[in-house]
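J.: please find the sequence and the predicted model below.
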Amino acid sequence: MKTNLLTLLSLSLLLSISSCTIDINDGDGGTVTTPGTTAGILPEGGKLSGEITSNLTIKKGNYTLEGIVKVADGATLTIEAGATFTVSTNVSSSLVILQGGKILALGSASEPIVFTTTAKTAGGWGGITLYGRAPIKAVNGNATAVSEDGNAITYGGTDANFSSGIMKFVRVEYAGKKIGDGTSETNTFTFYAVGDGTILENLVAYKGTDDGFEWFGGTVSAKNLVSYGNFDDSFDWQDAWSGQNNSNWFAFQTVTGNFGMEIEASANVDNTAPKISNITLIRDTNTNPEVAGSTEISAIQFKRQGTGIFSNVYISGYKNLGGKNAYAVLIQDDATNTSQVNANPSKIVVSPLNYVNSDNPLVWGYAATNGGKTFTNTSTVTKVSLPTGAWATVDGVNLLSAL
């Protein structure tokens with residue numbers, strides 16, 4: 001009799017589990033309900049849309065993403081290795097982790113998490129944006145600012161150690177979207193006031209129409225980044241971003257591209273210089289800036305009190321174009337030269353540096369008027385070394401082949 005009772009209880013529990021439903025807010029005040037699935041798990045082939053207000057797990061498989069998907073304060077979006085999202089380009093789409101929300105995207109080198117589009121056209125969607133609660137220094141030293149990604153969210157906080165989650169082995173393709181008149185845009189990866197409790201490792205930004213990676217203040221660091229074929233800058237920051245433990249950044253600019261790195265601190269003299277070890281910036285032959293005749297062709301540009309302490313930097317392919325000079329390092333204004341380059345100790349350091357297959361060797365360029373700086377070209381610098389695998393392969397092309 002005991003055996004039969006246990007059997008009946010087990011059968012009842014099994015039936016209960018198999019009839020669970022998962023509710024995902026559809027963004028219009030209602031929900032999308034999918035019967036026959038385990039609660040909190042998006043079914044294979046499902047659509048991610050609307051606002052996620054409770055924990056949700058996405059397993060290995062193929063999915064779609066449509067519209068502005070927001071992970072709300074208190075909710076965690078978990079994405080397992082091998083999940084692939086095809087993003088709708090018929091509507092404005094992006095993935096946004098709000099302040100207090102978390103993403104746990106845990107791919108692997110052989111089974112990355114991929115966001116792509118059917119059309120495979122640059123700028124098809126808005127990319128991934130994280131909001132944290134770490135400190136920033138915006139214009140005039142303001143501790144908060146309003147985002148320029150179309151969401152108009154106030155960002156900036158006081159928790160330097162704040163965590164927005166983990167992203168490992170994630171590749172985002174064909175993102176970076178112009179908004180309205182083009183004065184605002186999203187990037188492939190955008191980090192607003194993200195704290196250093198967040199883990200960012202082995203991320204690929206592939207062929208977006210704005211920056212590959214951009215930081216707006218915050219303290220987070222990132223390792224093993226690949227910025228490939230992005231139209232604006234490969235790496236960009238402002239609002240006094242201050243990550244201290246960055247390493248292994250690789251940019252390959254091809255067809256269309258502006259600066260390899262564009263660096264500013266929103267004109268705040270008092271800022272903490274971020275630190276990056278091992279940087280490789282390569283500009284492919286016949287790469288042109290977004291705007292014909294633009295001067296945005298140098299490898300690293302510092303402006304508006306931007307700072308950085310960079311070591312083991314390899315730069316190749318930055319050639320003069322249309323009468324404009326390309327430099328390994330370009331100091332854009334007198335104020336940055338005076339307050340940052342000439343600070344004691346200097347808060348702009350790029351050394352050791354190997355500048356090859358490029359014009360204007362051995363000199364930092366100065367677009368302003370108050371002097372120049374020479375450097376020693378160190379041949380012992382080596383290119384970045386990154387793990388191989390599917391995480392850095394698109395349509396059979398190994399993105400690391402230039403290394």
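T.: Looks like it arrived, so ask away.

J.: so how far is the strand or helix carrying Ile166 off the chain centroid?
T.: For Ile166, the element it lies in under DSSP states H and E is strand 165-173. Remark: strand 165-173 is offset 9 Å from the chain centroid, using C-alpha atoms, centre = their mean, to the nearest Å.

J.: ok, Leu48 to Gly176 distance?
T.: As judged by C-beta to C-beta, to the nearest Å, Leu48 and Gly176 stand 20 Å apart. Backbone N, C-alpha and C define where each C-beta goes, glycine included.

J.: out of the two, which sits in the busier spot?
T.: Gly176 (28 against 22; other C-beta atoms under 10 Å).

J.: kindly export stretch 115-132 (C-alpha atoms) in CSV.
T.: The C-alpha trace of stretch 115-132 is given here as CSV (Å, rounded to 0.1, in the frame of the first residue of the first chain):
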residue,chain,number,x,y,z
PHE,A,115,23.0,37.7,-30.9
THR,A,116,22.7,38.2,-34.7
THR,A,117,20.2,39.2,-37.4
THR,A,118,18.8,37.5,-40.5
ALA,A,119,19.8,40.4,-42.8
LYS,A,120,23.4,40.5,-41.5
THR,A,121,23.5,44.2,-42.1
ALA,A,122,25.4,46.6,-39.8
GLY,A,123,23.2,48.7,-37.5
GLY,A,124,20.2,46.3,-37.6
TRP,A,125,19.5,46.6,-33.9
GLY,A,126,20.5,48.3,-30.7
GLY,A,127,22.9,45.8,-29.1
ILE,A,128,23.3,45.1,-25.3
THR,A,129,23.3,47.9,-22.7
LEU,A,130,24.0,47.5,-19.0
TYR,A,131,23.1,50.1,-16.3
GLY,A,132,24.8,50.0,-12.9
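
J.: for that stretch, buried residues please.
T.: Buried residues in stretch 115-132, counted by 16 or more other C-beta atoms under 10 Å: 115-117, 122-132.

J.: again with stretch 152-166
T.: 153, 155-157, 160, 162-166.

J.: end to end, how far does that stretch reach?
T.: End-to-end distance for stretch 152-166, by C-alpha to C-alpha, to the nearest Å: 24 Å.

J.: identify the residues contacting that stretch?
T.: With C-beta atoms under 8 Å, 6 or more residues apart in numbering as the test, stretch 152-166 has contacts from 76, 97-99, 101-106, 130-136, 138, 142-147, 192-199, 216-217, 219-220, 239.

J.: which of these are buried?
T.: Looks like the contacts of stretch 152-166 have 76, 97-99, 101-106, 130-136, 138, 145, 147, 192-199, 216-217, 219-220, 239 buried, using 16+ other C-beta under 10 Å.

J.: among these, which lie within strands?
T.: 76, 97, 102-106, 130-131, 145, 192, 199, 216 (DSSP state E).

J.: can you name the two of the residues you listed that sit furthest apart?
T.: Leu106 and Ala145 (30.8 Å; C-beta to C-beta).

J.: for Asp73, give its distance to Ile153.
T.: Distance of Asp73 to Ile153, computed by C-beta to C-beta: 12 Å.

J.: next, show the common contact partners of the two.
T.: Joint contacts of Asp73 and Ile153 (C-beta under 8 Å, 6+ apart) are 98-99.

J.: in the stretch 251-400 of the chain, where is pLDDT below threshold?
T.: Applying pLDDT under 70 to the stretch 251-400 of the chain flags no residue at all.

J.: can you show me the helices along it?
T.: 334-336 (DSSP state H, counting those that start in this stretch).

J.: please enumerate the strands of it.
T.: 261-263, 275-283, 300-302, 308-316, 329-331, 348-350, 353-356, 363-366, 373-374, 393-394, 397-398 (DSSP state E, counting those that start in this stretch).

J.: okay, those strands in TSV with distance to Val255 and mean neighbour count next?
T.: Listed next are these as TSV, based on distance: least, C-beta to C-beta, whole Å; neighbours: other C-beta atoms under 10 Å:
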stretch	distance to Val255	mean neighbour count
strand 261-263	19	26
strand 275-283	11	23
strand 300-302	20	27
strand 308-316	17	22
strand 329-331	22	25
strand 348-350	26	21
strand 353-356	21	21
strand 363-366	24	20
strand 373-374	31	12
strand 393-394	15	18
strand 397-398	14	12
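
J.: Gln244 is nearest to which of the ones you listed?
T.: strand 275-283 (5.1 Å).

J.: so what does that closest one touch, helix or strand wise?
T.: strand 246-253, strand 308-316 (3 or more C-beta pairs under 8 Å, 6 or more residues apart in numbering; DSSP states H and E).

J.: go with 10 Å
T.: Where contact means 3 or more C-beta pairs under 10 Å, 6 or more residues apart in numbering; DSSP states H and E, strand 275-283 is packed against strand 222-228, strand 235-238, strand 246-253, strand 261-263, strand 308-316, strand 348-350, strand 353-356.

J.: with only the CA atoms kept, save it in CSV.
T.: Only the C-alpha atoms of strand 275-283 are listed here, as CSV (Å, rounded to 0.1, in the frame of the first residue of the first chain):
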residue,chain,number,x,y,z
LYS,A,275,44.6,50.8,-16.8
ILE,A,276,44.8,48.4,-19.7
SER,A,277,47.5,45.8,-20.4
ASN,A,278,47.9,44.3,-23.8
ILE,A,279,46.2,46.2,-26.6
THR,A,280,46.4,45.4,-30.3
LEU,A,281,44.9,47.9,-32.8
ILE,A,282,45.1,46.9,-36.5
ARG,A,283,43.6,49.0,-39.4
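
J.: and it, how far out from the chain middle?
T.: The mean C-alpha position of strand 275-283 is separated from the chain mean by 15 Å, C-alpha atoms, centre = their mean.

J.: tell me the strands beside that strand, with direction?
T.: strand 246-253 (parallel), strand 308-316 (parallel) (DSSP bridges).
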